[in-house]
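**Q** compute the structure for the input listed below.
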Amino acid sequence: MNEEQYQTITKALDDINEKLRSPMLLMDAGEAAKSLGLSEWYVRQMATAHELPHMHLGRRLLFPAEMLREWIRDNVEGGDITIRAVK
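**A** Okay, the predicted model is just below:
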């Protein structure tokens with residue numbers, strides 16, 4: 001990874017972390033989707049496929065904010081997420 005790619009990933013992660021800053025510890029699918037910039041349908045699909053950290057409280061599907069942050073960090077560092085600079 002060159003310096004420009006590193007800076008792009010670092011900036012994107014900072015932007016995502018800023019969006020995820022929330023006084024809530026748990027978010028429902030709609031709140032998680034909005035924070036991640038994804039559709040609620042896609043967030044639910046990712047949870048069903050066990051691709052996104054989540055938990056169930058009764059019948060409610062919830063997303064712990066800190067686990068989402070860790071998931072982003074792990075996937076960016078592991079290479080599963082591709083970040084492209086937008087000009």
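**Q** right, and the helix or strand after the longest helix seen in the chain?
**A** Determined from DSSP state H, the single longest helix within the chain is helix 3-20. If you walk from helix 3-20 toward the C-terminus, the next helix or strand you reach (DSSP states H and E) is strand 26-28.
**Q** against which helices or strands is the longest helix of the chain packed?
**A** helix 29-36, helix 65-78 (3 or more Cβ pairs under 8 Å, 6 or more residues apart in numbering; DSSP states H and E). Heads up, the C-betas are built off the backbone N, CA and C, glycines and all.
**Q** okay, the angle between that helix and helix 29-36?
**A** Taking axes from the mean of the first three to the mean of the last three Cα atoms, to 10 degrees, one finds that helix 3-20 is oriented at 140 degrees with respect to helix 29-36.
**Q** low-confidence stretches in the protein?
**A** Residues of the chain meeting the criterion pLDDT under 70: 1, 19-20, 22-23, 77-87.
**Q** tell me the SS of Leu62?
**A** For Leu62, the secondary-structure state derived from DSSP: H, G, I helix; E, B strand; the rest coil is strand.
**Q** chain neighbours aside, what residue packs nearest to it?
**A** Spatial nearest neighbour of Leu62, chain neighbours left out: Leu26 (4.5 Å); criterion: Cβ to Cβ, 6 or more residues apart in numbering.
**Q** shouldn't the one you found be in contact with Met67?
**A** No: counting by Cβ atoms under 8 Å, Leu26 does not reach Met67; the two are 9.7 Å apart.
**Q** more crowded one of those two?
**A** When Leu26 and Met67 are compared for neighbours, Leu26 comes out ahead with 17 against 14, by other Cβ atoms under 10 Å.
**Q** in the sheet, who's paired with the more buried one?
**A** Here Leu26 sits in beta bridges with Pro64, going by DSSP bridges.
**Q** and it, what does it touch?
**A** Taking Cβ atoms under 8 Å, 6 or more residues apart in numbering as the criterion, Leu26 is in contact with Met55, Leu57, Leu62, Phe63, Pro64, Ala65.
**Q** show me which of the residues you listed is closest to Thr8.
**A** Proximity of these to Thr8 (Cβ to Cβ) peaks at Ala65, which lies at 23.9 Å.
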